[in-house]
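> attaching a predicted model along with its sequence, questions to come.
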Amino acid sequence: EALRAVDGGAVDAVAAASDAPRDEALARHARRLAAQDRWIDYTPAPLARAAEGCISGRGEHSLTWALEFLVNANAHPYTMLHYGDDPDQVGDLRLPSTPAPGRTPLIVLLHGGFWRESYRRDVMAALAVDLARHGIATWNVEYRRVGGSGGGCPRTFEDVARAVDFTAGLCTRHRLREAPPVIVGHSAGGHLALWSAARARLAPGTIGAAPAVTPALVVALAAVSDLSQARRLGIGAGAVAAFLPSPADEAWTDPRALLPLGVAQLLVHGTADESVPWTLAQSYAEAARAARDPVEFLSLPDETHMPLIEPRSAAWRRTFAAMSRHASLSGESP
């Protein structure tokens with residue numbers, strides 16, 4: 001099954017990342033790559049720390065992830081910047097090829113993966129490239145995660161708060177639009193995006209309180225929007241318990257418990273999501289409306305978890321169009 005996934009996925013990965021048609025020449029090239037350079041890497045973390053340029057995969061889709069990351073990096077280069085001293089306190093800044101001084105908007109990207117170390121910011125690289133093609137700058141954030149990087153509560157929250165506040169200097173140094181950024185998060189990153197919007201609600205002295213930057217809009221894609229319910233359901237093989245061992249900490253880390261956030265929110269969730277139940281977004285949206293928060297819930301019939309961050313998908317096109325209604329984004333929808 002792994003070999004079939006690699007052989008089939010390599011073609012689509014190259015085509016999507018390079019914005020090329022899925023023609024026969026490309027298919028032959030991808031099959032040749034799959035046959036010669038295929039590998040299965042279930043523990044990428046040690047390799048990732050071996051060298052900055054290391055590319056690792058994700059289980060049976062290793063080659064697909066690696067090809068997409070490599071082609072995206074070359075299709076639209078980025079600059080890796082440190083927002084702290086820890087090796088994981090970094091982010092990738094991608095600017096449009098022809099940025100408009102003072103007018104280019106910024107989107108912060110927060111990746112998912114149930115807050116675990118085996119997933120990193122490369123899963124959002126394809127969206128970053130797509131947004132750059134449409135005249136939008138992106139800050140694709142890494143943060144400490146559960147595992148060898150020492151993440152989880154409270155360090156992950158410390159990192160996300162610092163990374164978001166870091167955007168104030170980015171806008172100044174790179175002459176981006178001097179306006180609050182949009183934050184887009186997927187899965188566990190959707191939870192972190194919603195929490196970022198709630199920071200002004202935190203009590204003084206709490207990690208993340210007194211934010212220097214508050215987003216104009218939060219886009220939560222297939223988000224873990226309710227930690228308490230996610231814990232009860234045991235999603236991600238107990239991911240919430242590993243990330244946040246004490247349920248008492250949900251009082252300041254769970255977006256549902258912090259409503260109203262006072263920030264515009266766009267929730268996008270597929271009804272056939274196999275990783276994060278659609279009902280989490282539905283109940284969160286109802287609670288947010290009851291709290292008089294400005295929230296839109298875009299429910300996608302029969303859609304699963306990952307297409308929401310695949311640039312060529314109908315799910316992403318609908319998401320981008322909805323984002324554009326809420327925020328002033330340059331360029332046209334994909």
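Thanks, I have it.
> so where do the strands sit in the protein?
Taking DSSP state E, the strands of the chain run over residues 79-82, 90-94, 106-110, 137-141, 182-186, 217-221, 264-270, 295-300.
> how about the ones you listed, which one is nearest residue 239?
With CB to CB as the criterion, residue 239 lies closest to strand 182-186 of these, at 14.3 Å. Glycine gets a C-beta too; all of them are placed from N, C-alpha and C.
> give me the mean pLDDT for that closest one.
Here strand 182-186 scores 97 as its mean pLDDT.
> quick one, that strand and strand 106-110 angle?
20 degrees (axes from the mean of the first three to the mean of the last three CA atoms, to 10 degrees).
> which neighbours does strand 182-186 have in its sheet, and in what orientation?
strand 106-110 (parallel), strand 217-221 (parallel) (DSSP bridges).
> of these, give the one that comes closest to residue 119.
strand 106-110 (11.5 Å).
> mean confidence for the closest one?
97.
> for the protein, what are the low-confidence residue spans?
Where the chain drops to pLDDT under 70, the residues are 1-70, 72-74, 330-334.
> and the helices in the protein, which stretches?
2-18, 24-37, 45-50, 62-75, 125-133, 155-165, 167-173, 188-197, 227-233, 235-243, 250-253, 255-258, 278-290, 314-326 (DSSP state H).
> what number of residues lie near residue 109?
Around residue 109 there are 27 other residues, counting by other CB atoms under 10 Å.
> sorry, back to before: could I get the strands of the chain as a markdown table with distance to residue 236?
Shown next, in a markdown table, are those (distance: least, CB to CB, whole Å):
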| stretch | distance to residue 236 |
| --- | --- |
| strand 79-82 | 28 |
| strand 90-94 | 24 |
| strand 106-110 | 16 |
| strand 137-141 | 20 |
| strand 182-186 | 14 |
| strand 217-221 | 16 |
| strand 264-270 | 16 |
| strand 295-300 | 21 |
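> how about residue 174, nearest residue that isn't a chain neighbour?
residue 95 (6.5 Å; CB to CB, 6 or more residues apart in numbering).
> what sits against the closest residue to residue 84 other than its chain neighbours?
Of all residues not flanking residue 84 in the chain, residue 162 sits nearest, at 5.7 Å (CB to CB, 6+ apart). For residue 162, the contact set (CB atoms under 8 Å, 6 or more residues apart in numbering) comprises 83-84, 89.
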